[in-house]
Structure formats: structure tokens, C-alpha cells
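> Model the following, please.
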Amino acid sequence: MDMQAFTLFLYNIAILPVIFLSVLFILLSLINLVVDRKQQRYKLPKELPFISVQVPTFNDPIAVRCIERCLRFDYPKDKYEIIIVDDSTNPETQAKLMQFTEDHPGFVKYVHRTNRDGFKPGALNNAMKITKGEIITVFDADWIPRKDYLKTIIGPFSDPQVAIVQSRQGFYNKDTNIITRFAAYLLMIFHTIVLPISNSVNTVFFCGTAGAIRRKHFEEVGGWNKASITEDSELSVKLLIKGYKTVYLQYSTPSEVPDTFESFVKQQMRWCYGNVRVFVDNARNIILDKHLNLKQKLMILYMTTAHITAPFVLLMTIFGFAGWFFGEPTLMTVG
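Now for the predicted structure:
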């Protein structure tokens, strides 16, 4: 086999998963055309649940803004608490965050670790020892929650089988540069096409932030897996396997997207590897579980493996150019 034929062979191998996931995405898009996109209206429960708002942060001064927004929630102050989950090593950042506990004693709590064991999921697990809420909601430091967030997010929890409620991601820095536009575009596709379809088949994934989890169900599946880099996806899959419901709300919460090529690539690679690992680690349960129907299984497959197309597209480009460099492909004739 000459070099040109070999590179074309590798190209054909690389294109297979791209074709498969592209066809699956097209099917999902077609389904999206007929899916009822009308958002169900949820009423506030008669008895408001106690909510714990967790804000994990690591040397992020911008967390101050997020916490200040959380203090403004239009929700009874005796029905929620704010927990600053801080792994910061910067004394100045620590001092700024600890100041909230002095200004709002008992209402704002602060937990700090001297190590980063398990990173974000490890920090959140550690914070559970001081967490009181029956509903837990998480905000990454660069998010800007709106005043009515808590009253909006708790509506679906009136159904005791609902384990996860996820809101839609908005973007306040999408017009900064070409990287932010592209990153926002990809997430917009996920939140306006993929998640609404997921909602129609009860396969919504918790996105790690701007969503809420019922504590009882969270603890039933063992909490956050600190060995996972996409602990939110893994938790979602485990809860779906248990037969619980998940809900997606067309309610936007502003956030920040990566503004440099390096940070964007790191984010995408983390999601790609982490989500594929979630499927591999739980494949047997996903395939054999009786609680999941075929639509849910296919949706979980797509949600956990869609990112894998990125490296294959890169390989297609490399091998395509290599095949062109080593010679034009020979056209086969019939007869």
C-alpha cells in the first residue's frame, strides 16, 4: 500500500464517527421541528423548600459579583442559604470572600480547603457537611444569576420524582471576539436544540451550574464523583438510570464563555474526554437498564459522545491534506 492510499485509508476511518454523529444530529434536528417547544408552566409549591446555593471558586475575584447577585434573590431569606465553596490560595481573594460571612452571619457560609483533592466535585462534596438545603443549586463564579432564579427553578420540584432542573445558559461576553462568538454559538445549539429535545424524552443533563438537584436523590447515587472531570454528566446519567425525572427550563441565566483559543480548546477537550468516559464507565447500565427506553439510551449516547467528532475532524483535515500531497486519488471505473 503506497503512502497516498494509506492516508486515504486513515481518512476514511476518521470520517466514520463524524458521519454517524452528524446523521444522529440531523435526526435530532428533524425531531426538534415537531417537538412541542412550548414551555410547561410550573407553579410555586405551597411550602417553599429550603435551598442551598453553592458557589465553588478557585482564585476567582469575579465570584464576588456572583455572590452579590445571590444575595438579591426574590426568595424568603429564612428559606435559603449561600455557601461559598472556596479552594483559593490567594489570601486577598480569601479575605474578600470571607467578608460576606461577617456581613451576613448565619446566612452566608464559607468553607475552605487547604488542598484541592477532587477539584470542583471534591470541594462540593466537602461543602455538604455544612449544607442544609433539601434542594441544592450551584453557580460557577462567572455567572450572573437573576433575581427570580430561585422561584423559577423550584417549580418542577413539586413532582417528587424530579431530581434535576437545568436552566438555559445565556452569554454576556459573546461579542468580545471571534472565540467568544464561536463558543457561544456551540453552546446556543446545545441549549436551544439538544436540551429541548432531551427534555421531551426525559434525558436532560445537569450542566454543572445554573441548575438544581434534589438532595435526597443526589445522596442516593453517592454525590459527586471526584474522580470524574465531568461530574455533572455522570451524576445525570446515574439519576436517569435510577428512573428519576429531569427538567429543562427555557429560562436564561447570563454567563461567561472562554475568550482565548487556549481556554476554549481546554474546555472542549475536557468535555470530550470526560463525557466519553461517563458513557464508557456506565455503558453496561445504560444499555441494560429497564428504566431507560430506546429514545433515552440514544439521547444519552449522543450527549456523551458528540464532542468526540472534534479530534476526528482534525484527523480528517490532516489525512486529507496528506493524501492530496502524496498524489491525486485514482478514480475507479466500471466496465
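
> now the residue nearest in space to the middle of the chain: how far from residue 110?
For the chain, residue 207 is the residue whose C-alpha lies nearest the centre (C-alpha atoms, centre = their mean; 2.2 Å). Distance, residue 207 to residue 110, by C-beta to C-beta, to the nearest Å: 25 Å. The C-beta positions use only the backbone N, C-alpha and C, and glycine is treated the same way.

> for the residue nearest to the centre of the chain, helix, strand, or coil?
The three-state label given to residue 207 by DSSP: H, G, I helix; E, B strand; the rest coil is coil.

> With residue 85 instead?
Strictly by three-state DSSP, residue 85 counts as strand.

> same deal with residue 306?
helix.

> Is it correct that the residue nearest to the centre of the chain is in contact with residue 230?
No. In this structure, residue 207 is not within contact of residue 230 by C-beta atoms under 8 Å, at 10.1 Å.

> re the thing from before, excluding covalently adjacent residues, which one is nearest to the residue nearest to the centre of the chain?
Leaving out its chain neighbours, the residue that sits closest to residue 207 by C-beta to C-beta, 6 or more residues apart in numbering is residue 166, at 5.6 Å.

> now residue 143
Nearest residue to residue 143, sequence neighbours excluded (C-beta to C-beta, 6+ apart): residue 255, at 4.7 Å.

> Contact partners for that neighbour?
By C-beta atoms under 8 Å, 6 or more residues apart in numbering, the residues touching residue 255 are 140, 142-144, 169-172, 209-210.

> Residue 124 belongs to a helix?
Yes. Under three-state DSSP, residue 124 falls within a helix.

> hang on, isn't it packed against residue 140?
No. Counting by C-beta under 8 Å, residue 124 stays clear of residue 140, with 11.2 Å between them.

> So these two - more neighbours on which side?
The residue with more neighbours, out of residue 124 and residue 140, is residue 124; 23 against 19, by other C-beta atoms under 10 Å.

> Which residue is the nearest non-sequential neighbour of the more buried one?
Excluding the flanking residues, the one nearest residue 124 by C-beta to C-beta, 6+ apart is residue 224, at 5.3 Å.

> Compute the number of surrounding residues for the one you found.
Residue 224: 22 surrounding residues under other C-beta under 10 Å.

> Please report how far it lies from residue 231.
Residue 224 is 5 Å from residue 231, by C-beta to C-beta.

> Now for those two: what residues contact both?
The contact sets of residue 224 and residue 231 overlap at residue 121 (C-beta under 8 Å, 6+ apart).

> Next up, the contacts around residue 88.
For residue 88, the contact set (C-beta under 8 Å, 6+ apart) comprises 57-60, 94, 97, 112.

> isn't residue 164 right next to residue 242, touching?
No. If you go by C-beta under 8 Å, residue 164 and residue 242 don't touch, sitting 11.4 Å apart.

> ok so, going back, please flag which of the contacts of residue 255 sit within strands.
Among the contacts of residue 255, the members found in strands (DSSP state E) are 169-171.

> Show the buried residues in these.
Those of these that meet the buried threshold are 169-171, by 16 or more other C-beta atoms under 10 Å.

> Can you list the neighbours in contact with stretch 48-57?
With contact meaning C-beta under 8 Å, 6+ apart, stretch 48-57 is reached by 63, 66-67, 70, 73, 75-76, 79-88, 93, 97, 120, 123-124, 127, 131-141, 150, 154, 157, 212, 215.

> ok now that stretch, how far from the chain's centre?
Centroid separation for stretch 48-57 versus its chain: 18 Å, with C-alpha atoms, centre = their mean, to the nearest Å.

> Likewise for stretch 42-62?
Remark: stretch 42-62 is offset 16 Å from the chain centroid, using C-alpha atoms, centre = their mean.

> what does stretch 172-180 give?
Its chain's C-alpha centre and that of stretch 172-180 lie 20 Å apart, by C-alpha atoms, centre = their mean.

> same question, stretch 125-134
Counting by C-alpha atoms, centre = their mean, stretch 125-134 comes out at 21 Å from the chain centroid.

> With stretch 79-97 instead?
23 Å.

> got the end-to-end distance for it?
One end of stretch 79-97 sits 22 Å from the other (C-alpha to C-alpha, to the nearest Å).

> What average pLDDT does that stretch get?
Averaged across stretch 79-97, pLDDT comes to 97.

> Report the backbone C-alpha coordinates of stretch 208-220 in CSV.
In CSV, the C-alpha atoms belonging to stretch 208-220 read as follows (Å, rounded to 0.1, in the frame of the first residue of the first chain):
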residue,chain,number,x,y,z
GLY,A,208,-22.7,21.8,36.5
THR,A,209,-24.1,25.3,37.1
ALA,A,210,-27.4,27.3,37.0
GLY,A,211,-29.3,24.2,37.8
ALA,A,212,-30.7,22.5,40.8
ILE,A,213,-30.7,19.0,42.3
ARG,A,214,-32.9,17.3,44.9
ARG,A,215,-30.6,16.4,47.7
LYS,A,216,-32.2,13.1,48.6
HIS,A,217,-31.7,11.7,45.1
PHE,A,218,-28.2,13.3,44.9
GLU,A,219,-27.1,11.4,48.0
GLU,A,220,-28.8,8.2,46.9
